[in-house]
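> Take a look and give me a structure for this.
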Amino acid sequence: MGFFLRLLVNALALYLLTRVYGGVSFAPATDLVSVLLAALVMGIVNALIRPVLLLLSLPINVLTLGLFTLVVNGVVLWLVAALTALNVAGFGGAVIGALVLTVISWVLDAAVRALGLDGGRD
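Have a look, this model is predicted:
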């Protein structure tokens, strides 16, 4: 999937997250640029910081059979909220929001693949 398509899918997923789950919202009077910026920051944090967090939490992740990854995803969402116009209602809200965001992103990715918008690449 191309960079811009991935950015748009992530922006739509973040926007849908704020509509579905009340614990995550955008600041009042947020425009499309702020949503796209939040998606861009999410992509950067997922590419640079999340792998380090997963590596550092590997022992506890093995002990919890991978469930601690939800906490790491919550930390990532919380960090994105600290850097952008995204608001999260506490750390618990970030963990639940990350779980809902994962489901929304999965559905959107499947829709993009089903529509053939990803260029037919796996």
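> Low-confidence regions, the chain specifically.
When residues are selected by pLDDT under 70, those of the chain lie in 1, 120-122.
> if you set the cut-off to 80 instead, what comes out?
Within the chain, the stretches falling below the threshold (pLDDT under 80) are 1, 118-122.
> any chance you could map the strands in it?
According to DSSP state E, the chain carries its strands in the segments 24-26, 86-88.
> nearest to Leu7, of those?
Evaluated over these, closeness to Leu7 peaks at strand 86-88, with 15.3 Å, by C-beta to C-beta. Where C-beta positions appear, they are placed from N, C-alpha and C, glycine not excepted.
> Give me the distance from that closest one to the chain's centre.
Computed by C-alpha atoms, centre = their mean, to the nearest Å, the chain-centroid distance of strand 86-88 equals 12 Å.
> swap in stretch 6-18?
For stretch 6-18, the distance to the chain centre is 8 Å (C-alpha atoms, centre = their mean).
> cool, and stretch 12-31?
The chain centroid and the centroid of stretch 12-31 are separated by 12 Å under C-alpha atoms, centre = their mean.
> That stretch spans what distance, first to last residue?
This stretch, stretch 12-31, spans 13 Å end to end (C-alpha to C-alpha, to the nearest Å).
> Can you point out the buried residues in it?
12-18, 21, 23-26, 30 (16 or more other C-beta atoms under 10 Å).
> try stretch 90-102
So stretch 90-102, judged by 16+ other C-beta under 10 Å, has buried residues Gly93, Ala94, Val95, Ile96, Gly97, Ala98, Val100, Leu101.
> Serialize these to JSON lines and add fields for distance to Val76.
Rendered in JSON lines, the data for the buried residues of stretch 90-102 read as follows (distance: C-beta to C-beta, whole Å):
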{"residue": "Gly93", "distance to Val76": "14"}
{"residue": "Ala94", "distance to Val76": "8"}
{"residue": "Val95", "distance to Val76": "10"}
{"residue": "Ile96", "distance to Val76": "14"}
{"residue": "Gly97", "distance to Val76": "10"}
{"residue": "Ala98", "distance to Val76": "7"}
{"residue": "Val100", "distance to Val76": "14"}
{"residue": "Leu101", "distance to Val76": "10"}
